[in-house]
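Participant: okay, sequence plus prediction incoming.
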Amino acid sequence: MFAVPRSSSPAPSSRATRNDVARLAGVSPAVVSYVVNGTKKVGPDTEERVRAAVAKLGYRPNPSARALRLGSTEMLGMVMPSVINPYFAQLAHEVELAASKRGYTLITANSDSSIATERTQLEHLAARLVDGIFLCSNVFEPDLRDLELASIPVVLLNHSAETPARDSVGVDLLHGADLAVEHLASHGYDEVGIVIGRTSGDEEDGREIGWRESVDRLGLTPGPVARGPFSPDGGYDAMRRLLRAGTVPRALFVSSDQMGRGVLKAAHEAGLRVPEDLAIVSFDGSVDAAYSWPTLTSVAQPLSEMAEAAVEALLGPPHEPRHLVMDTRLVIGASCGCGPLTGHSANR
């Protein structure tokens, strides 16, 4: 029996090293790093040999070794109340794009609007040694002491108020509510009610404060207040309560597009026409607003700018903690009485 000659190259294995690839390709280990990590250009023939060797050996870079070498995992985390809420899904996408420009990968996690789950998700991200975390919390001052001990920086995103010693990014909720109430008043409505989402803490939501102040400033009658979770079910149940109590006003400010969808459903079931019988302006400017029927007039948050500002706060040069406030704009739909218009924005 003839002996089968052994190959001089290692058998394909997930344990193949950078040196193995270098030997097979006939290059230095540094050149393998240039090709695999895309950190430096090499000649096309050299790159082709390296990639062929990588494929043949099944080489996979060791992320732990790379993180140790760079002092960074090049991963960021993001915790939000609901990954299925289109607003937060859009925001996470914008953060992912902004992080990717700087060579970072984003890991997202869902807290289900639970403070306990939020804490657990933060612990999981810390265990992955992420380089920083974006936190969309339902409380104004979340407990971040464990992350401080682990030296993991945090930016509070979608955060409306300044928090001592923290970077935060959000919009002026009071001004956004004022845009909504002013617009409804411009249609001649002298009574404006509110459907407002519940937060996890005891703090009053800025949209409710802004609604109250705007109604008072414009000399309007404050309509009924209906509360519920920031979800379609929350808006639906809140609207059903107004219907049962017989207190539905002619105009409503709704604190999120998700709740707005629920309000629309309950109104349609009750035979109310929107905007003929009930005018609505919601908040967020998400895809929910554009694809509701009728389309929701909504106070839109600038998600791309918020994401860029949050990534810069986390990865940019060292600085004193600061609260960045972004401008909102009114995106006109049909639910307010402006007619079958979509996608028209008004900056005020």
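Facilitator: On my side now, so go ahead.
Participant: what stretches of the stretch 201-348 of the chain score poorly on pLDDT?
Facilitator: Within the stretch 201-348 of the chain, the stretches with pLDDT under 70 are 201-202, 339-348.
Participant: I meant to write the stretch 1-150 of the chain there.
Facilitator: Looking at the stretch 1-150 of the chain by pLDDT under 70, you get 1-14, 39, 61-73.
Participant: how about the strands in it?
Facilitator: Assigned by DSSP state E, counting those that start in this stretch, the stretch 1-150 of the chain shows strands spanning 75-80, 105-110, 133-135.
Participant: now tabulate those strands in JSON lines and tack on mean neighbour count.
Facilitator: Quick note: C-beta positions are derived from backbone N, CA and C, even for glycine. Converted to JSON lines, these look like this (neighbours: other C-beta atoms under 10 Å):
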{"stretch": "strand 75-80", "mean neighbour count": "25"}
{"stretch": "strand 105-110", "mean neighbour count": "17"}
{"stretch": "strand 133-135", "mean neighbour count": "25"}
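Participant: you'd agree Tyr87 is up against Gln258?
Facilitator: Yes - in this structure, Tyr87 is within contact of Gln258 by C-beta atoms under 8 Å, at 7.2 Å.
Participant: overlap in contacts of the two?
Facilitator: Asp284, Ser286, Asp288 (C-beta atoms under 8 Å, 6 or more residues apart in numbering).
Participant: where's the last one, which helix or strand?
Facilitator: Here Asp288 is covered by helix 287-290, with elements defined by DSSP states H and E.
Participant: how far off centre is the helix or strand that comes right after that helix?
Facilitator: The helix or strand immediately downstream of helix 287-290 is strand 297-300, counting by DSSP H and E. Computed by C-alpha atoms, centre = their mean, to the nearest Å, the chain-centroid distance of strand 297-300 equals 17 Å.
Participant: going forward, count from 125.
Facilitator: Got it, first residue is 125 now, which makes that one strand 421-424.
Participant: residues of the next helix or strand after strand 421-424 that come out buried?
Facilitator: As assigned by DSSP H and E, the chain's next helix or strand after strand 421-424 is helix 427-439. Within helix 427-439, the residues scored as buried using 16 or more other C-beta atoms under 10 Å are Leu427, Glu429, Met430, Ala431, Glu432, Ala433, Ala434, Val435, Glu436, Ala437, Leu438, Leu439.
Participant: related to what we said a few turns ago, Tyr211 and Gln382: who's more crowded?
Facilitator: Neighbours were counted for Tyr211 and for Gln382 using other C-beta atoms under 10 Å; Gln382 has more, 28 against 25.
Participant: give me every residue that touches the spatially most central residue of the chain.
Facilitator: The centroid of the chain falls nearest to Leu215 when counting by C-alpha atoms, centre = their mean (2.9 Å). Taking C-beta under 8 Å, 6+ apart, we find Leu215 in contact with Met204, Cys260, Leu281, Asn282, Leu427, Met430, Ala431.
Participant: re earlier: ok, which of the strands of the stretch 125-274 of the chain comes nearest Pro288?
Facilitator: strand 257-259 (15.4 Å; C-beta to C-beta).
Participant: adjacent strands (with direction) for that closest one?
Facilitator: strand 199-204 (parallel), strand 278-281 (parallel) (DSSP bridges).
Participant: quick revisit: got the strands of the stretch 125-274 of the chain as a markdown table, with distance to Ala362 columns?
Facilitator: As requested, those are arranged in a markdown table below (distance: least, C-beta to C-beta, whole Å):
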| stretch | distance to Ala362 |
| --- | --- |
| strand 199-204 | 22 |
| strand 229-234 | 23 |
| strand 257-259 | 27 |
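Participant: out of these, nearest to Leu273?
Facilitator: Here strand 257-259 is closest among the strands of the stretch 125-274 of the chain (C-beta to C-beta), at 13.8 Å.
Participant: just flag the most distant two among the buried residues of helix 427-439.
Facilitator: Leu427 and Leu439 (18.3 Å).
Participant: ok, then the element right after the helix or strand where Ile320 lies?
Facilitator: Using DSSP H and E, Ile320 sits within strand 315-321. Sequence order places helix 330-341 as the next helix or strand after strand 315-321, per DSSP H and E.
Participant: tell me what that next one is packed against?
Facilitator: helix 297-310, strand 315-321, strand 345-352 (3 or more C-beta pairs under 8 Å, 6 or more residues apart in numbering; DSSP states H and E).
Participant: now those as CSV including mean neighbour count and distance to Glu220?
Facilitator: Shown next, in CSV, are these (neighbours: other C-beta atoms under 10 Å; distance: least, C-beta to C-beta, whole Å):
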stretch, mean neighbour count, distance to Glu220
helix 297-310, 22, 25
strand 315-321, 24, 25
strand 345-352, 18, 30
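Participant: as a markdown table, the ones you listed with distance to Lys165 would be great.
Facilitator: A markdown table is the format used below for the helices and strands packed on helix 330-341 (distance: least, C-beta to C-beta, whole Å):
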| stretch | distance to Lys165 |
| --- | --- |
| helix 297-310 | 47 |
| strand 315-321 | 51 |
| strand 345-352 | 56 |
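Participant: figure out which of the ones you listed is closest to Phe264.
Facilitator: Using C-beta to C-beta, the helices and strands packed on helix 330-341 put helix 297-310 closest to Phe264, at 11.8 Å.
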